[in-house]
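Asks: Would you be able to build a 3D model of this:
(one chain, ligands or ions: 2)
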Amino acid sequence: MSLIPSFFGRRSSDPFSLDLLDPFRDWPVASSGHETSQFAATRVDWKETPEAHVFKADVPGLKKEEVKVEVEEGNVLQISGERSREKEEKNDTWHRVERSSGKFLRRFRLPENAKVEQVKASMENGVLTVTVPKEEVKKPEIETKMLKQETTVTPPPHILIFPVPLQGHVNSMLNLAEILCLSGLHVTILLSDYTHRRLLRHASLDSRFSRYATAFRVATISDGLPDDHPRSGHRILDIVLSLKEVGGPQFRRLMESSDGGGRQRVSCLIMDGVFSFAIPVVEEMGIPFVYFRTISACSFWPYFCIQEIIDAGEVPLKDKNEDKLTFWKKKEMDLMVTSVPGMEKLLRRRDIPAFCRVEDVNDPGFQSIKTETKKTAQATALILNTFEDLEGPVLDQIRKHIPNLYSIGPLHSHLKSLLKEKGIESSHHSSSFWKEDNTCIAWLDSQPPNSVIYVSFGSITMLTKDELLEFWYGLVNSGYTFLWVVRPDSVIGDRDEIPVEIEEGTRLRGLMVEWVPQELVLGHESVGAFLTHSGWNSTLEGIVIGVPMLCWPYFADQTTNSRFVSEVWEIGLDMKDTCDRVLIERMVREVMGVRREELLKKACGMANLAKKAICEGGSSYMNLNRLIEFFKSTVL
Ligand SMILES: O=c1ccn([C@@H]2O[C@H](COP(=O)(O)OP(=O)(O)O[C@H]3O[C@H](CO)[C@@H](O)[C@H](O)[C@H]3O)[C@@H](O)[C@H]2O)c(=O)[nH]1
Ligand SMILES: C[C@H]1CC[C@@H]2C(C(=O)O)=CO[C@@H](O)[C@@H]21
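Replies: Ligands and ions are numbered 1, 2, ... in the order given. Reported below is the predicted structural model:
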């Protein structure tokens, strides 16, 4: 076996390392090609203990000499090998050739704390174990004190947090996780291994949570989808449906096998709003569960009323095989929805959550969202990332069915304020699934105040090439400067043949990047407005800053959020169900110019209310305290 350090620091001369011609270059990849197809799928487990990162790979039938363990590019652990095909004798007849042969290659970017010079590897019974020791984490004084206390008393309650493994959900749940750690609770966040890999690659969870030492851990399960599944656009519900299929048994194993690792066993589960498969497991174990739905109250409520909407004949919204551009224009889409109490004068059919845009009410995705939402009422409590002054009337409607409702948002700024209260500096830590391009900050520094419209459609939206071009022309023709996030995977079809005039317009007045540190961008003084898909996190981030918004909702809760932004809070404009360069140009001019003052006034008012909610004595502050008291009472 080739073991580090013998291969240390030099590039392998092995020809199959050239197989890394993959867009996910630094991701675990399998070499491709006919010969290697089965063996290439060699599975690797990666676990992190307090002392080390431990990788285990199944390599049955391989000799030590046939396996290589290397560290490349400073911090990329590479495990590779080759199993040769059995020699064919002239007179042999093969009835079956199922056993795999060929090459395999897996690569893992190691986190900063890995001691790459001390890697050890061993093989036993067809399992390769690679151990990468970790640097000791230096903890600030405040945590040392906390730890000292903990060693003398019983460990605090242990809360398991289980988000839908998507960017918006993970961001909100990580904020809650950090708030709970700050309050002295122990927390494990359960992610899909796919999402965990993305975070390991692009985010800085280690440095963010290092101050909490063993109070914060990550656990992973598989989402059941292949690595090359897009996990975006119209395929997004596959994640929820797949986890529903494969998540239950994995969740049970995790709960049954977990001995807490020096911590208490899990004493309470906080789960995302669509993961009811976890309920039987925790119920059997006598563990209370709390839902945290990471969307607005104003979109949760119509979801909760879906049966009433169906009974009133107000869905389905689409006819068979009707395309988007046709049903967008239908008069019926402007009819008021009568079956959502308290929203009768507000919601048109086009404003209810876009999962209702189905041809058939038996659509599995739609049914799943409907039944999952109803199950929220079984939980001990419901957490929403919102605040009373923003959504009071809707929260009151929900409380008629779910009295134990905690509005504790906006969580991202609540966390910052709590860190400040404890004298901890809250520097920017990335939780991003994509690499943040920080050059945009220097570019923003060079722009005049309030002159830039920031454009981002979040982590799931997919644009057709036509839509891309309509937005692009609209932005360039508006004459305003723009910073536009276009994720690498977000355009359907190729991006060739971009008309010269918009490329030239962008060179003069625009910057397009793949992903940004959004909170920093929104808080930058040169940003004057936010063209957004109205994802709930983006909406809250815009509200906290007090920036006027132009909304182009793509799916899910966004169609309702954008209605509230424009008609209830009056802090922005809604251009849902259109995608036309002339209209976009006009709306950009309105939000950046003609109507900016009026929108800004309301936006600043709402930003102040948001601040009030999270300050001592504010509604979210008090609700959070009550919630934490509840968690502290959940010792098993
Ligand atoms: O360049 C970028 C773009 C976005 N973000 C962050 O990514 C998050 C995006 O979240 P959100 O605005 O909620 O959008 P989605 O990622 O699309 O969120 C999904 O999940 C939300 C609930 O959590 C729902 O409200 C959305 O409809 C759903 O699409 C926000 O925190 C942004 O700050 C960045 O850091 N950099
Ligand atoms: C993929 C979607 C399933 C439900 C999630 C959601 C919600 O209502 O909680 C909103 O948008 C999407 O992120 C999720």
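
Asks: Would you tell me which residues of the stretch 151-300 of the chain are close to ligand 2?
Replies: Proximity of the stretch 151-300 of the chain to ligand 2 (CB under 6 Å from any ligand atom) is limited to residues Val164, Leu166, Gly168, Ile236, Leu237, Val240, Gly273, Val274, Arg293, Ile295. Using the backbone N, CA and C atoms, a C-beta is placed for each residue, glycine as well.

Asks: with the residues you listed in mind, which one is nearest to Phe555?
Replies: Closest to Phe555 out of those is Ile236 (7.8 Å), distances taken as CB to CB.

Asks: So that closest one sits against Gln167, correct?
Replies: No. Under the contact definition of CB atoms under 8 Å, Ile236 does not touch Gln167, with a separation of 11.2 Å.

Asks: quick one: contacts for the nearest residue to Arg509 once chain neighbours are set aside?
Replies: Leaving aside its chain neighbours, Arg509 sits nearest to Thr481 (4.6 Å; criterion: CB to CB, 6 or more residues apart in numbering). Under the criterion of CB atoms under 8 Å, 6 or more residues apart in numbering, the neighbours of Thr481 are Gln447, Ser451, Val452, Ile453, Arg509, Gly510.

Asks: Check the fifth one and give its pLDDT.
Replies: At Arg509, the pLDDT value in this model is 96.

Asks: returning to what we had before: who's the residue nearest to Arg509 bridged to?
Replies: When bridges are taken as DSSP bridges, the partners of Thr481 come out as Val452.

Asks: Please apply the same query to Asp574.
Replies: With DSSP bridges applied, the residues forming beta bridges to Asp574 are Cys551.

Asks: related to what we said a few turns ago, compare Ile236 and Gln167 (neighbour count), which wins?
Replies: Per other CB atoms under 10 Å, whichever of Ile236 and Gln167 has more neighbours is Gln167, with 22 against 19.

Asks: Kindly provide the distance from that one to Glu359.
Replies: Separation of Gln167 from Glu359 (CB to CB, to the nearest Å) stands at 29 Å.

Asks: Can you tell me the element the nearest residue in space to His412 that is not next to it in sequence falls in?
Replies: The shortest distance from His412 to any residue other than its chain neighbours is 5.4 Å, reached at Asn175 (CB to CB, 6+ apart). Assignment of secondary structure by DSSP states H and E places Asn175 within helix 167-182.

Asks: so where does Leu415 fall, helix or strand?
Replies: Assigned by DSSP H and E, Leu415 falls within helix 411-421.

Asks: average pLDDT for that helix?
Replies: Helix 411-421 shows a mean pLDDT of 97.

Asks: that older thread, what's around the residue nearest to His412, how many residues?
Replies: Burial measure for Asn175: 22 neighbouring residues, criterion other CB under 10 Å.

Asks: So what's the residue count around whichever residue of the stretch 501-636 of the chain sits closest to ligand 1?
Replies: As assessed by CB to the nearest ligand atom, ligand 1 sits closest to Gly535 within the stretch 501-636 of the chain, at 2.3 Å. A total of 28 residues lie near Gly535 under the criterion other CB under 10 Å.

Asks: same question, the one 10 residues further on
Replies: Other residues within reach of Ile545 by the criterion other CB under 10 Å amount to 19.

Asks: How about Asp193?
Replies: 17.

Asks: Over to the closest residue to it other than its chain neighbours. Which of the three states is it?
Replies: For Asp193, ignoring the flanking residues on the chain, the nearest one in space by CB to CB, 6+ apart is Thr220 at 4.3 Å. Of the three states, Thr220 takes strand under DSSP: H, G, I helix; E, B strand; the rest coil.

Asks: wait, Thr220 sits on Leu191?
Replies: Yes. With contact taken as CB under 8 Å, Thr220 and Leu191 are classed as touching, separated by 5.4 Å.

Asks: Run a quick neighbour tally on Phe275.
Replies: 23.

Asks: sorry, back to before: filter the residues of the stretch 151-300 of the chain next to ligand 2 down to just the ones in helices.
Replies: In helices, defined here by DSSP state H, the members of these are Gly168, Leu237, Val240.

Asks: Is it possible to mark the buried ones in the contacts of Thr481?
Replies: Among these, those classed as buried by neighbour count (16 or more other CB atoms under 10 Å) are Gln447, Val452, Ile453, Arg509, Gly510.

Asks: Since that was my last question, I'll sign off now.
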